[in-house]
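>>> Model the structure of this input:
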Amino acid sequence: MRHSLFLALALFALHAMPFAQAQDLASAKSFLTGLFHTYENKGKGPGMGPKVLHSSLIALMKKEEVLANKSGDIPTFGDGDFICDCAEWQGFWVINMDVQLKSPQLAEATVEFSVYPPKTRNSHDIKKVVYTLAPENGGWRIYDMLDLPEPGSKNNYPSARHELEENIKLYTNPPKK
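Alright, predicted model coming up:
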């Protein structure tokens, strides 16, 4: 009887392990703040590795990169920094950051920022990005991101994940000429 109870508890604990990585609002804010600090003083930025991006997003990026290279194209996120969607920066100035915990397994952060100092930037230098975060390996990772258009703009940009998936479809099944 004791062995059955122990086995049942052990199996339950193993089954519940993915939920043990549940995150809170403070850790989501801390994760993003840490990423943004890597740009200070013309720093290198956080890169696009597994401590920053969710493994499923990295897999999409790698697949799209292989297909783009075969076609002689530049991968979607191959010519700049993924997090700030920029090719150069002087730092990273967060103007506003609103982080919402949607569930222990999902957070969403709307961040207004500029990579130019307040003294030299204009209104077009301010970006507004929604970062979707999901836990992986005990910490938050960027699962998706969406650039929001400037007020008054008619552009509707796809999320990074959606854009990668669509590009993979196009490379895999190119339109017939």
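>>> looking at the sheet around the nearest residue to Leu53 once chain neighbours are set aside, what are its partners?
Leaving aside its sequence neighbours, Leu53 sits nearest to Ile142 (Cβ to Cβ, 6 or more residues apart in numbering; 5.2 Å). To be clear about C-beta, it is placed using only N, CA and C from the backbone, and glycine gets the same treatment. Under DSSP bridges, the beta-bridge partners of Ile142 are Leu53, Leu133.
>>> any idea of the pLDDT on Ile142?
pLDDT for Ile142: 97.
>>> what's the spacing between Glu136 and Ile126?
In this structure, Glu136 lies at 30 Å from Ile126, with Cβ to Cβ, to the nearest Å as the measure.
>>> and the residue nearest to Leu53, how many neighbours does it have?
Look at Ile142: counted by other Cβ atoms under 10 Å, it has 24 neighbours.
>>> my guess is it meets Phe77, correct?
No: with contact defined as Cβ atoms under 8 Å, Ile142 does not count as touching Phe77 (11.7 Å).
>>> and Met145, which of the three is it?
Three-state call for Met145 (DSSP: H, G, I helix; E, B strand; the rest coil): strand.
>>> ok, now which ones touch it?
Going by Cβ atoms under 8 Å, 6 or more residues apart in numbering, Met145 touches Phe82, Ile83, Val129, Val130, Tyr131, Thr132, Ser159, Ala160.
>>> quick check, nearest of those to Ala109?
Taking Cβ to Cβ as the measure, Ala109 lies nearest Tyr131 of these, at 4.6 Å.
>>> what about that closest one, which helix or strand?
Element membership for Tyr131, per DSSP states H and E: strand 126-136.
>>> Tell me the buried residues in that strand?
Using 16 or more other Cβ atoms under 10 Å as the test for burial, strand 126-136 gives Ile126, Lys127, Lys128, Val129, Tyr131, Thr132, Leu133, Ala134, Pro135, Glu136.
>>> What is the burial count for the closest residue to the second one other than its chain neighbours?
In this structure, Lys127 finds its nearest non-sequential neighbour in Phe113, 5.9 Å apart by Cβ to Cβ, 6+ apart. Neighbour count of Phe113, defined by other Cβ under 10 Å: 22.
>>> wait, Phe113 sits on Gly91?
No: between Phe113 and Gly91 no contact is recorded; they are 10.0 Å apart, counting by Cβ under 8 Å.
>>> Among the contacts of Met145, which has the minimum pLDDT value?
Among these, pLDDT bottoms out at Phe82, giving 85.
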